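Chemist: Output the structure for:
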Amino acid sequence: QVQRVKQIVEHLKTKDRTEHLHHTRVYRPWGCYAGIDVGERFQVKRITVNPGGKLSLQMHHHRAEHWIVVSGTARVTCGEKVTLLTENESTYIPIGMTHRLENPGKLPLRLIEVQSGGYLGEDDIVRFEDAYQRT
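Modeler: Residues are numbered from 1 along each chain as shown. Reported below is the predicted structural model:
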């Protein structure tokens, strides 16, 4: 019923949904993430980091992040501190803190990220180092 796609897109727009603008799963050089919930001043993502993958060393001006490891091993840089987290462990990244997430293991790292703050857009990322040469 491909002829109904336009109707579905219009329905999503009228319900203030975002699926017509952004796919729920977003692929990055280090793995992928999927939005699983969003509300006023928060959003929740399911993140998968491939073995050996690492996110940029970054900072956010408007949001804090909570990371909960579901499976695998996470190497977390938060300011000057570097820690390893495993299944069922978590960490908090305050607003304005330089941070990085890496998967030093041989299996995919899966975690849940809860973002909270006044602005949650993907353009609130200041990158300091990036293995994939993104700006």
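Chemist: Every contact and neighbour count from this point should use C-alpha atoms.
Modeler: Will do.
Chemist: Output the below-cut-off pLDDT ranges for the chain.
Modeler: Filtered on pLDDT under 70, the chain yields the residue ranges 18-23, 135.
Chemist: the helices in it, which residues?
Modeler: Ranges of helices within the chain are 5-14, based on DSSP state H.
Chemist: Can you show me the strands along it?
Modeler: Here the chain has its strands, by DSSP state E, at 25-28, 31-39, 42-49, 57-59, 63-71, 74-78, 81-85, 90-93, 99-102, 109-117, 126-129.
Chemist: JSON lines for these, including distance to Thr14?
Modeler: What follows is these, written out as JSON lines (distance: least, C-alpha to C-alpha, whole Å):
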{"stretch": "strand 25-28", "distance to Thr14": "22"}
{"stretch": "strand 31-39", "distance to Thr14": "17"}
{"stretch": "strand 42-49", "distance to Thr14": "21"}
{"stretch": "strand 57-59", "distance to Thr14": "34"}
{"stretch": "strand 63-71", "distance to Thr14": "28"}
{"stretch": "strand 74-78", "distance to Thr14": "40"}
{"stretch": "strand 81-85", "distance to Thr14": "42"}
{"stretch": "strand 90-93", "distance to Thr14": "35"}
{"stretch": "strand 99-102", "distance to Thr14": "37"}
{"stretch": "strand 109-117", "distance to Thr14": "26"}
{"stretch": "strand 126-129", "distance to Thr14": "33"}
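Chemist: Next, format those strands as a markdown table and append mean neighbour count.
Modeler: Formatted as a markdown table, the strands of the chain follow (neighbours: other C-alpha atoms under 10 Å):
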| stretch | mean neighbour count |
| --- | --- |
| strand 25-28 | 12 |
| strand 31-39 | 15 |
| strand 42-49 | 20 |
| strand 57-59 | 21 |
| strand 63-71 | 20 |
| strand 74-78 | 21 |
| strand 81-85 | 12 |
| strand 90-93 | 16 |
| strand 99-102 | 22 |
| strand 109-117 | 21 |
| strand 126-129 | 15 |
